[in-house]
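Asker: I need the structure of the sequence given here:
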Amino acid sequence: MNLEIFVERNGKRLATASGDGIVHLCYEHAYEAEDTLVFHAAQAGYFWVQLEDSLSPVLAYFTGGNFRFTVPFGEKRMSYSPKCFTGTCHLLFARAAMPAELTGRRNLAFNPLDHHENRTLYPHAMANVETRDEAWFAARNAIDGNTASSGHGAYPYGSWGINRREDAALTISFGRPVRADELVITLRADFPHDNWWKSAVFDFSDGSSETLEFEKRGTPQHFSIAPRIIESLTMHGMCKDETNSSPFPALSQLELWGCEV
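Answerer: Residues are numbered from 1 along each chain as shown. As a prediction, this is how the structure comes out:
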């Protein structure tokens, strides 16, 4: 399968590379605002994708066509490491996943390349609220793999912030059926600034649901769930600690462990 990566500015390609099943692009220039990184494959499938060499590669399900990632600048860059997207040497990489890489159990909700407009490279996170629409409180922060939870705001303390909304909900879509058996939740724990959630409801696309009860801590909390095949899940109905005066509970990370169907 032919794969392609290119860097685009205002509709013009600045650099491009292609290959059969694997592709590398070394872009030896500084990025500018509105530069876009594009991964292309004509067919759907599973791919390792790394469009920034200071981010971990992601084993993603790709629906085919183009995945477009606009290089973040200003406030939008604050949820990424200061090393990301800087300098004048950038290595971009993608390859088709091998069958053996799809058989193991892994975190199916991991995607550091996710963003609001993503509809092709799964998983994808979306929410009905993000505090002040600021990048360091965006839904994508909950699936970027970073469990640092003792602060809030800029990297490394990005989180999903709910702007005090009682009806806040976070949905993770996987783009295809997956087999899930465990949730791992990391609450933000910037105490005393933060409150914390005592419990939350998780609705699954198969029509089932689970209510999980949390502890007041900022380390990953593991919950075995009844195995099920799903295409998405929604976290909602969070109950904060009513004895805590802070109005600011938040989520640092959501992991869904399981395997491909």
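
Asker: Is F62 bridged to anything, and to what?
Answerer: Note on F62: beta-bridge partners G45, L121, judged by DSSP bridges.

Asker: Isn't it up against A44?
Answerer: Yes - distance between F62 and A44: 6.2 Å, which falls inside the contact criterion (CB atoms under 8 Å). Using the backbone N, CA and C atoms, a C-beta is placed for each residue, glycine as well.

Asker: okay, these two: which has more neighbours?
Answerer: Here F62 and A44 are set side by side on neighbour count (other CB atoms under 10 Å), and the busier one is F62, at 24 against 14.

Asker: give the contact list for the more buried one.
Answerer: Remark: with contacts taken as CB atoms under 8 Å, 6 or more residues apart in numbering, F62 is in contact with 39, 41, 44-47, 49, 120-122.

Asker: Please enumerate the strands of the stretch 51-200 of the chain.
Answerer: Under the criterion DSSP state E, counting those that start in this stretch, strands of the stretch 51-200 of the chain are mapped to 58-62, 65-70, 90-96, 106-107, 121-122, 124-127, 160-161, 170-187, 197-204.

Asker: can you redo the contacts of F62 as a markdown table with pLDDT and distance to C84?
Answerer: Shown next, in a markdown table, are the contacts of F62 (pLDDT from 0 to 100; distance: CB to CB, whole Å):
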| residue | pLDDT | distance to C84 |
| --- | --- | --- |
| F39 | 98 | 17 |
| A41 | 98 | 24 |
| A44 | 98 | 28 |
| G45 | 98 | 26 |
| Y46 | 98 | 24 |
| F47 | 98 | 20 |
| V49 | 98 | 15 |
| T120 | 98 | 21 |
| L121 | 98 | 17 |
| Y122 | 98 | 21 |
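
Asker: start to end distance for stretch 131-142?
Answerer: One end of stretch 131-142 to the other measures 14 Å (CA to CA, to the nearest Å).

Asker: So for that stretch, what gets flagged as buried?
Answerer: For stretch 131-142, the neighbour count (16 or more other CB atoms under 10 Å) marks 131, 134-142 as buried.

Asker: for these, which one is nearest A169?
Answerer: The shortest separation between A169 and any of those is 10.0 Å, and it belongs to A139 (by CB to CB).

Asker: OK, contacts around that closest one?
Answerer: Taking CB under 8 Å, 6+ apart, we find A139 in contact with 125-127, 130, 160, 170.

Asker: do that again at 6 Å, thanks
Answerer: With contacts taken as CB atoms under 6 Å, 6 or more residues apart in numbering, A139 has the following neighbours: 125-127, 160, 170.

Asker: which of the residues you listed has the most neighbours?
Answerer: For the contacts of A139, counting by other CB under 10 Å, the largest number of neighbours falls to W160: 26 neighbours.

Asker: wouldn't that one be in contact with L251 here?
Answerer: Yes - the pair W160 / L251 is scored as a contact, 4.4 Å apart, by CB atoms under 6 Å.

Asker: Tally up the residues packed near the residue nearest to H90 when sequence neighbours are not counted, please.
Answerer: Spatial nearest neighbour of H90, excluding adjacent residues (CB to CB, 6 or more residues apart in numbering): Y27 at 4.4 Å. Counted by other CB under 10 Å, the residues lying close to Y27 total 20.
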